[in-house]
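S.K.: Build me a structure from this.
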Amino acid sequence: MFKWICEITSPRSSSFEDGRKDLSDQDDTMMASLVISQIEAYVTEFETQKEIRKSEENLQNKVPDYSWLISSGCDAKPKKHLTLSERTRLDRACDRVKPSEWSQIMSLYHDKLKNQTDRDTIIGNFIEIVHQTVISRPRHPPTINDAFNKYVRSNSALSKVSDSYDAVGSTRSMGSITFRDINDIV
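M.R.: Below is the predicted model of the structure:
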């Protein structure tokens, strides 16, 4: 009898809701944020390599680099991190990915990553791969409900509505149509 009182009052045995039941396969925001941070790291590495190549080129040509003195605006120096619009584009692309497709997308993306020319292609290639993956998903055959709704919304299902019953066309009632007839109609 005292066991249930101890379970209720004991802080060691009391379990609290931590939201684990709320997590599902569709909730893959952590994977999306990991992918976005990885793409941001690729962009940062690309921009750093680009700066190093430019400085080596200037040293080789013995040209002084006064670009650090120029402060004409905030766009003078390219940003190494993702902008808000780039991050939003990537986030929208990640929202379309199913959890089972991440490994395929990332392997395709790493293959395309080897020959990047600018930061827009780093981001654009990922979005393109996601788009191709979404398009390549198998289409499910239409259900009976889909076929019936398509028929009802089509022009052949439209009929004249009036107060009196006019048997101008087919005298069959909707009750006599079978499932096979609906599939033949569609």
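S.K.: Report the secondary structure element holding the residue nearest to Gln116 when sequence neighbours are not counted.
M.R.: Leaving out its chain neighbours, the residue that sits closest to Gln116 by Cβ to Cβ, 6 or more residues apart in numbering is Ile122, at 5.1 Å. Backbone N, C-alpha and C define where each C-beta goes, glycine included. Assigned by DSSP states H and E, Ile122 falls within helix 119-135.
S.K.: which residues of the chain fall in helices?
M.R.: Using DSSP state H, the helices of the chain run over 2-9, 29-61, 84-95, 102-112, 119-135, 144-153, 179-185.
S.K.: right, so those helices: which one is the most enclosed?
M.R.: Highest mean neighbour count among these (mean count of other Cβ atoms under 10 Å): helix 119-135, with a mean of 17.
S.K.: now that one and helix 29-61, what's the angle there?
M.R.: In terms of direction (axes from the mean of the first three to the mean of the last three Cα atoms, to 10 degrees), helix 119-135 departs from helix 29-61 by 150 degrees.
S.K.: rewinding a little: with mean pLDDT as added columns, please give the helices of the chain in JSON lines.
M.R.: Shown next, in JSON lines, are the helices of the chain (pLDDT from 0 to 100):
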{"stretch": "helix 2-9", "mean pLDDT": "60"}
{"stretch": "helix 29-61", "mean pLDDT": "89"}
{"stretch": "helix 84-95", "mean pLDDT": "93"}
{"stretch": "helix 102-112", "mean pLDDT": "92"}
{"stretch": "helix 119-135", "mean pLDDT": "93"}
{"stretch": "helix 144-153", "mean pLDDT": "81"}
{"stretch": "helix 179-185", "mean pLDDT": "58"}
